[in-house]
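*Asks:* below: sequence and its predicted model.
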Amino acid sequence: MNIKIAVTSGEPAGIGPDICLALADADLSCRTVVLGDKNLLAERAAMLGKNTVLHDFCAGAPAPAQGLEVLHLPLDTPCTAGKPDPRNAEYVLRLLDRAHQGIASGEFAGMVTAPVHKGIINEAGRAAFFSGHTEYLAEKSGTEQVVMMLAGGGLRVALLTTHLPLKDVAAQITRERIVRIARIVHADLRDKFGIAAPRILLAGLNPHAGENGHLGREEIDEMLPALAQLQGESIDIRGPYPADTLFQPFMLDGADAVLAAYHDQGLPVLKYASFGRGANITLGLPFVRTSVDHGTAADLAGTGRADAGSLLEAVRVARAMCGN
Ligand SMILES: NC(=O)C1=CN([C@@H]2O[C@H](COP(=O)(O)OP(=O)(O)OC[C@H]3O[C@@H](n4cnc5c(N)ncnc54)[C@H](O)[C@@H]3O)[C@@H](O)[C@H]2O)C=CC1
Ligand SMILES: NCC(=O)COP(=O)(O)O
């Protein structure tokens with residue numbers, strides 16, 4: 001119970017507050033502290049017919065025997081379940097900033113994030129484009145390169161590129177980027193997941209991994225030289241494999257992670273295998289951050305139909321990573 005994890009409750013009009021309430025009933029072998037508006041959580045508990053006791057978090061005090069610890073940060077404007085409001089975008093970011101600050105000061109060992117609505121945060125007119133927690137926390141912590149990896153259903157899928165338009169993906173598949181990202185995946189699988197000699201499989205970008213250059217040259221010009229360089233560093237990475245057959249048990253046997261070229265090449269497979277039970281992990285950060293495998297699901301906020309399974313899994317993974 002010594003490991004203390006900050007859980008940001010995310011978009012207030014989405015299912016973040018609902019699933020955070022489920023932490024009160026879960027045995028996760030760590031202390032979870034929910035960051036969010038305490039009145040919002042109380043209101044959402046009432047909507048769900050839960051009588052969860054909410055305690056104000058006090059860093060120096062022992063964890064309460066029951067209920068949910070809340071680090072209260074007030075909403076900027078009242079919230080209606082199911083109706084995200086850009087006027088609460090700064091609140092959403094404050095939750096992340098406070099969790100990050102708590103990690104920097106040693107108050108928390110790591111953070112788990114409930115989903116945010118990227119569109120709403122951008123609509124609120126932040127000066128810089130907000131493309132996700134992954135990129136926001138990288139910038140906040142001054143980390144040049146991070147990697148998004150989702151894990152679930154016995155599969156780990158890391159991504160070479162994350163939140164960018166599909167038309168811009170190919171230009172990002174460079175030898176340098178593949179080397180940088182594969183090194184991070186290798187190091188974090190070894191150090192944070194305790195896998196002594198991780199094996200990584202690289203998916204091709206093009207159909208049939210480029211068909212010997214007839215369907216695209218990224219495999220030949222960028223991927224093969226990157227693999228040779230990485231193998232020269234004793235990193236066990238193989239490929240590039242055609243993505244359409246890579247996610248088969250006979251291909252995945254003995255592999256620890258797949259490195260997919262882009263978001264919708266890797267994540268649909270992962271989500272098909274384990275939606276609602278997987279976790280999203282940011283590799284390469286100087287601290288532990290995990291998240292859910294789903295979005296804000298505003299349609300379900302306050303209905304009692306949101307499944308908290310992925311949040312609980314994200315906490316379990318964060319706890320294990322903090323332990324490592
Ligand atoms: N970690 C994060 O902050 C993430 C945020 N998002 C954001 O979420 C917003 C909505 O994205 P969508 O593509 O609509 O995906 P979504 O995951 O919110 O919803 C897709 C479908 O799955 C259902 N669903 C999602 N989570 C569920 C749960 N826990 N239990 C039961 N059903 C669930 C929803 O009701 C909906 O029918 C977007 O703005 C996106 O950027 C998306 C993924 C991750
Ligand atoms: N599809 C995963 C996703 O959108 C999560 O992004 P992030 O907010 O964790 O960066």
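*Replies:* Perfect, thanks for sending it. Numbering: from 1, shown residues only. Ligands and ions are numbered 1, 2, ... in the order given.
*Asks:* can you map out the strands along the stretch 201-324 of the chain?
*Replies:* Assigned by DSSP state E, counting those that start in this stretch, the stretch 201-324 of the chain shows strands spanning 236-241, 257-260, 279-283, 288-291.
*Asks:* so what does the longest one touch, helix or strand wise?
*Replies:* Translated: strand 236-241. Under the contact criterion of 3 or more CB pairs under 8 Å, 6 or more residues apart in numbering; DSSP states H and E, strand 236-241 touches helix 175-191, strand 199-203, helix 224-232. Every C-beta, even on glycine, is put in place using the N, C-alpha and C of the backbone.
*Asks:* can you name the residue of the stretch 201-324 of the chain nearest to ligand 2?
*Replies:* Distances between the stretch 201-324 of the chain and ligand 2 by CB to the nearest ligand atom are smallest at residue 291, namely 4.7 Å.
*Asks:* got the residues of this structure near ligand 2?
*Replies:* 132-134, 267, 280, 291 (CB under 6 Å from any ligand atom).
*Asks:* now do stretch 104-118, average pLDDT.
*Replies:* The average pLDDT within stretch 104-118 is 97.
*Asks:* oh, I was asking about stretch 280-292
*Replies:* 98.
*Asks:* tell me if it is near ligand 1.
*Replies:* Yes. Judged by CB under 6 Å from any ligand atom, stretch 280-292 comes into contact with ligand 1 at 280, 291-292.
*Asks:* quick one, what contacts the residue lying closest to residue 110 once chain neighbours are set aside?
*Replies:* Spatial nearest neighbour of residue 110, excluding adjacent residues (CB to CB, 6 or more residues apart in numbering): residue 288 at 3.1 Å. By CB atoms under 8 Å, 6 or more residues apart in numbering, residue 288 lies in contact with 109-111, 192, 318, 321-322.
*Asks:* try residue 252
*Replies:* 155, 201, 246, 258.
*Asks:* same check, this time on residue 151
*Replies:* When contacts are counted by CB under 8 Å, 6+ apart, residue 151 touches 157, 270, 278-279, 281, 317.
*Asks:* so residue 148 is in contact with residue 285, correct?
*Replies:* No. At 11.0 Å, residue 148 does not count as touching residue 285 under the criterion of CB atoms under 8 Å.
*Asks:* pull the number of nearby residues for residue 273.
*Replies:* 16 (other CB atoms under 10 Å).
*Asks:* return the per-residue confidence for it.
*Replies:* 94.
*Asks:* for the protein, list the residue farthest from the centre, please.
*Replies:* The centre of the chain is farthest from one residue, residue 214, which by CA atoms, centre = their mean lies 35.6 Å away.
*Asks:* show me what that one is bridged to.
*Replies:* Counting by DSSP bridges, residue 214 forms beta bridges with residue 216.
*Asks:* that one and residue 87: what is the separation?
*Replies:* Using CB to CB, to the nearest Å, residue 214 is found at 52 Å from residue 87.
*Asks:* now residue 159
*Replies:* Taken as CB to CB, the span from residue 159 to residue 87 is 32 Å.
*Asks:* report the closest residue of this structure relative to ligand 1.
*Replies:* residue 295 (2.3 Å).
*Asks:* ok, that residue touching residue 113?
*Replies:* No. The criterion here is CB under 8 Å, and residue 295 misses it with residue 113 at 11.9 Å.
*Asks:* show me what from the stretch 201-324 of the chain comes close to ligand 1.
*Replies:* Checking the stretch 201-324 of the chain against ligand 1 by CB under 6 Å from any ligand atom, the hits are 276, 280, 291-292, 294-297, 299-300, 306-307.
*Asks:* mind checking which of these are buried?
*Replies:* Buried members of those, scored by 16 or more other CB atoms under 10 Å, are 276, 280, 291-292, 294, 296-297, 300, 306-307.
*Asks:* need the max-distance pair from these.
*Replies:* Using CB to CB, these span at most 18.6 Å, a distance reached by 280 and 300.
*Asks:* where does the chain dip in pLDDT?
*Replies:* The model of the chain has pLDDT under 70 over residues 1, 126-127.
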